[in-house]
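Peer 1: Quick check, what structure comes out for this input:
(2 chains)
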Amino acid sequence: MNEFDCTVCQTLVHGYLDKELDPETAANVAGHLAECAACARLHDQAQLLKVSVRHKAPYYAAPASLVARVTTPEAPAPGALERWRKWFAPAFSAAALALAMVLYVATPGSEQPLMDEAVSSHVRSLMGEHLNDVVSSDRHTVKPWFTGKLDFSPPVFDYSAQGFPLLGGRLDYLQHQTTAALSYGRAKHIINVFILPAPEADKPRQSQTIRGFNVVSWQANHMRFVMVSDLEKGELEAFSELLKP
Amino acid sequence: MKRFEELFAPHLDAAYNLARWLTGNDSAAHDVVQESALRALRFAHRFVDGNAKAWFLTIVRNESYTWLKASAGRHWVAFDDESDENEAAMSHSQTPELLAIHTENAALIQQALCALPPAFREVIILKELEDLAYKDIALVVDVPIGTVMSRLARARAMLKLELLKSHAHE
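Peer 2: Below you'll find the model as predicted:
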């Protein structure tokens, strides 16, 4: 390495001291230092400086007042807060517990993730060529296809007469459960009907709109039904009436 | 808040140390770190992964410079690595023994460090006192990684010069 001269070494010697050079360059520097007294002296001085700064320069640790202030911002007057806590905390806990119980009993549970997943799955089913695993308008072809793939038996019917022909079925996966997905047509619209087992028996119908898709869901016979389509809401609800036993 | 405590609270000493060295002033360092902590908290969601210490120190450094600029007013000057002086020439002429006497004196070391322009002082603080790797120093002071070594080389040469100057004043 013939361009390895003192000028280059004067910079590299710092990387060498800081152990930041690749092995080859480090070896070159070591080789040059062994031969060049001037650079070796520079190296020794730089090392002396490094050690001295490390040991002699003051280290300004954060004052305790600053640490306290930064880690607990907007701390109010402690006296008042403590007193407040002493008396109100138990009462507040009791109230919160009561409220939690009321909510637990009264709300139908968070189903939003399921609905979102169903909409995503619907969108995905239309993207590629993966609408159906079994393509058939014959319910006696589609229903047996699910047997052995699911641990429940989804109702499969064709509604061609009512204008909702069965297009086929596929396996899907929602909320960590294997799910039956049936597809129906309505003019140029596709309707995905997701059916998965549910712990509770019955739940009334709910309609909502997620990202522009209409979603109608209900629960019957320990099965959760989620219908997703870009079909108009009224028509989708009408279709759900057909499916409901 | 929890995220802040996990990510940045362990580096408050490093933050204060850098701010204190850059501003040269306790109350300024206090303000700078407090403001930096607020910023870190506000932008914590932007921190994805990597070195939380370097990330936090980047904010602290920027806040320190903001303070420096404000306090210097119109007299603020930027530093560049190109401005050439004669340290290199001088450094060769000094004996290591003379330097050794001065490096024993903590007050002289501090004084010499404070005499360096912030752009050079900070790389020495980050390297020697915080023991940051070049790649993290590059992140904090916002220069290419290749520049870190040359700036440290210059910073150490300037520091040596300052120490030898202090001898001349005795």
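Peer 1: who's in contact with the residue most central in space within chain B?
Peer 2: Closest residue to the average C-alpha location of chain B: residue B:122 at 1.3 Å, with C-alpha atoms, centre = their mean. Under the criterion of C-beta atoms under 8 Å, 6 or more residues apart in numbering or on different chains, the neighbours of residue B:122 are B:18, B:21-22, B:61, B:140-141. Bear in mind the C-beta positions are built from the backbone N, C-alpha and C, glycine included.
Peer 1: Among those, which one sits closest to residue A:211?
Peer 2: Checking those against residue A:211 with C-beta to C-beta, the nearest one is residue B:140 at 42.2 Å.
Peer 1: That closest one and residue A:231: what is the separation?
Peer 2: Relative to residue A:231, residue B:140 is positioned 57 Å away (C-beta to C-beta, to the nearest Å).
Peer 1: Could you pull up phi and psi at residue A:165?
Peer 2: phi -70, psi 140 (degrees, to the nearest 10).
Peer 1: Quick check: phi and psi on the residue nearest to it when sequence neighbours are not counted?
Peer 2: In this structure, residue A:165 finds its nearest non-sequential neighbour in residue A:185, 5.1 Å apart by C-beta to C-beta, 6 or more residues apart in numbering or on different chains. The phi/psi pair for residue A:185 (degrees, to the nearest 10) reads phi -110, psi 150.
Peer 1: Any idea what residue A:185 is bridged to?
Peer 2: residue A:190 (DSSP bridges).
Peer 1: pretty sure it contacts residue A:168?
Peer 2: No. Using C-beta atoms under 8 Å, residue A:185 is not in contact with residue A:168, being 10.0 Å away.
Peer 1: All the strands of chain A, in order from the start?
Peer 2: Taking DSSP state E as the criterion, chain A carries its strands at A:134-135, A:166-174, A:177-186, A:189-197, A:203-210, A:213-220, A:223-229.
Peer 1: ok, how many other residues are close to residue 33?
Peer 2: Defaulting to chain A. Applying other C-beta atoms under 10 Å in any protein chain shown, we find 18 residues neighbouring residue A:33.
Peer 1: try again with chain B
Peer 2: For residue B:33, the tally of surrounding residues (other C-beta under 10 Å) stands at 31.
Peer 1: Name the SS class of it, please.
Peer 2: The three-state assignment at residue B:33 reads helix, by DSSP: H, G, I helix; E, B strand; the rest coil.
Peer 1: Could you report the pLDDT at it?
Peer 2: Note for residue B:33: predicted pLDDT of 94.
Peer 1: OK, contacts around it?
Peer 2: Listed by C-beta under 8 Å, 6+ apart, the contact set of residue B:33 reads A:62, A:66, A:70, B:12, B:15-16, B:19, B:60, B:63.
Peer 1: Residue B:126: how many residues sit nearby?
Peer 2: Residues lying near residue B:126 (other C-beta under 10 Å) number 26.
Peer 1: And for the one 4 residues further on?
Peer 2: As a burial measure, residue B:130 scores 19 neighbours (other C-beta under 10 Å).
Peer 1: List, one by one, the residues from chain A near chain B.
Peer 2: Within reach of chain B by C-beta under 8 Å from any C-beta of the partner chain, chain A has these residues: A:10-15, A:18, A:20, A:38, A:41-42, A:44-46, A:48-54, A:56-63, A:66-67, A:69-71, A:73.
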